[in-house]
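> from the sequence below, what's the structure:
(one chain, ligands or ions: 1)
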Amino acid sequence: MDSYLIGFDMGATKMLCGVLDDKYQVIVKNKTRTKGSGNEAVFSTICRCIDECLAKLPSDGPRPSGIGIACPGPIDDVDGVVRSAPNVGVANFPLRRLLEERYALPVRLENDVNAGVYGEFVAGAARGKRHVIGLFPGTGLGGGIIINGELYSGATGGAGEIGHMTVQTDGRICGCGGYGCLEALASRSAIAKDAIAAAAGGDAPVLYAEVGTSLRKVTSGVLKRSVDGGDVAVKRIVERAAYFLGIGMANCVNIFNPQLIVIGGGLVEKFGSEYLGVAERVMRERAMPSLADAVVVAAAELGDYATVIGAAARLFGADRP
Ligand SMILES: [Zn+2]
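Numbers count the residues shown, from 1 in each chain. Now for the predicted structure:
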């Protein structure tokens, strides 16, 4: 490959842009806050973020040969339109056509979680593996499936909703309308709800001192400080979430027989093995032994830029080095 690729993550709070070399290393990067609402305002924010990133490139180097964009929500790349991304403030947004017209480069849209898993596959913790499951517990619980080196998208592009696997049939209601989904029990949002209930009941004084009962202030870092500060109730809540994550992982292992499960997001970054170790132990107890023996569990390596790298890598598929 004698040119660079542009990867872009259209997130609800921030937008990330990176220019990648032929080894999927990020050569230059740029970040901007997601501002405004509506297709036009969001499009101008995207273009400004890309333009600022391109301006950092040395003028005598290779030029980009395509743009990969990661978007929240289900993506239909057949027509290149973002149907609905309410957190970003766009709907029926013909992003691929708009970008192709402005930059005269090929453009590909990808779901953001799939892009993140794909980024770890080409350049991160899942490098060199062919059968990979990715799980990203955060506000929701996103998942991605790589089978025989290919991202699996299903009949209509919607595959990989691992967060909506039922793990407790009479469990709490989920945003999708189901009950006891993995996301409703193991996402950071689920942990935050239980932790705030504990704080309100007087069982998590360290957490209460930092955020009161404000649910939206409960980041992974806040949870970590609460546990380190001695909030036993919050420690139990995090371990319970890790237990359910392990149940979900065991189901994935039994169905897909992956070589590697990569887990990313703020909880993994802050809690490390305290969280991942519990999930892995439960997975190994619950999955079929011969399949559990074949799988490695790893923390994601690329952080926020996994999505940028994956979006760019999806432009031309896994054949690139
Ligand atoms: Zn659900």
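> ok, and the closest non-adjacent residue to residue 94?
residue 81 (5.1 Å; Cβ to Cβ, 6 or more residues apart in numbering). Where C-beta positions appear, they are placed from N, C-alpha and C, glycine not excepted.
> so how far is the ion from that neighbour?
Using Cβ to the ion, to the nearest Å, we find residue 81 at a distance of 25 Å from the ion.
> which helix or which strand is home to residue 122?
Applying DSSP states H and E as the criterion places residue 122 in helix 112-123.
> and the following helix or strand past that helix with helix 112-123, angle?
Next along the chain after helix 112-123, taking DSSP H and E as the criterion, comes strand 132-137. Counting by axes from the mean of the first three to the mean of the last three Cα atoms, to 10 degrees, strand 132-137 lies at 130 degrees to helix 112-123.
> strand 132-137 pairs with which strands, and in what direction?
Within its sheet, and counting by DSSP bridges, strand 132-137 is paired with strand 141-147 (antiparallel), strand 260-263 (parallel).
> next one, pLDDT for the residue nearest to residue 94 please.
If you check residue 81, the pLDDT there is 89.
> as a whole number, average confidence for the longest helix along the chain?
Longest helix of the chain, by residue count under DSSP state H: helix 232-256. The average pLDDT within helix 232-256 is 98.
> circling back: for the strands paired with strand 132-137, which one sits closest to the ion?
Among the strands paired with strand 132-137, strand 141-147 comes nearest to the ion, with 8.7 Å by Cβ to the ion.
> outside of the next helix-or-strand element following that closest one, which residues touch it?
Later in the chain than strand 141-147, the nearest helix or strand by DSSP H and E is strand 150-151. Applying Cβ atoms under 8 Å, 6 or more residues apart in numbering, the contact partners of strand 150-151 are 114, 117-118, 121, 144-145, 314, 318.
> same check, this time on stretch 249-258
Contacts to stretch 249-258, defined as Cβ under 8 Å, 6+ apart, come from residues 129, 131-133, 135, 145, 147, 162, 165, 167, 261, 279-280, 282-283, 285-288, 291-292, 294-295, 297.
> with mean pLDDT, mean neighbour count and distance to residue 95 added, can I get the strands paired with strand 132-137 in JSON lines?
Shown next, in JSON lines, are the strands paired with strand 132-137 (pLDDT from 0 to 100; neighbours: other Cβ atoms under 10 Å; distance: least, Cβ to Cβ, whole Å):
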{"stretch": "strand 141-147", "mean pLDDT": "96", "mean neighbour count": "25", "distance to residue 95": "20"}
{"stretch": "strand 260-263", "mean pLDDT": "98", "mean neighbour count": "25", "distance to residue 95": "27"}
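> as a markdown table, these with distance to the ion would be great.
Output for those, formatted as a markdown table (distance: least, Cβ to the ion, whole Å):
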| stretch | distance to the ion |
| --- | --- |
| strand 141-147 | 9 |
| strand 260-263 | 19 |
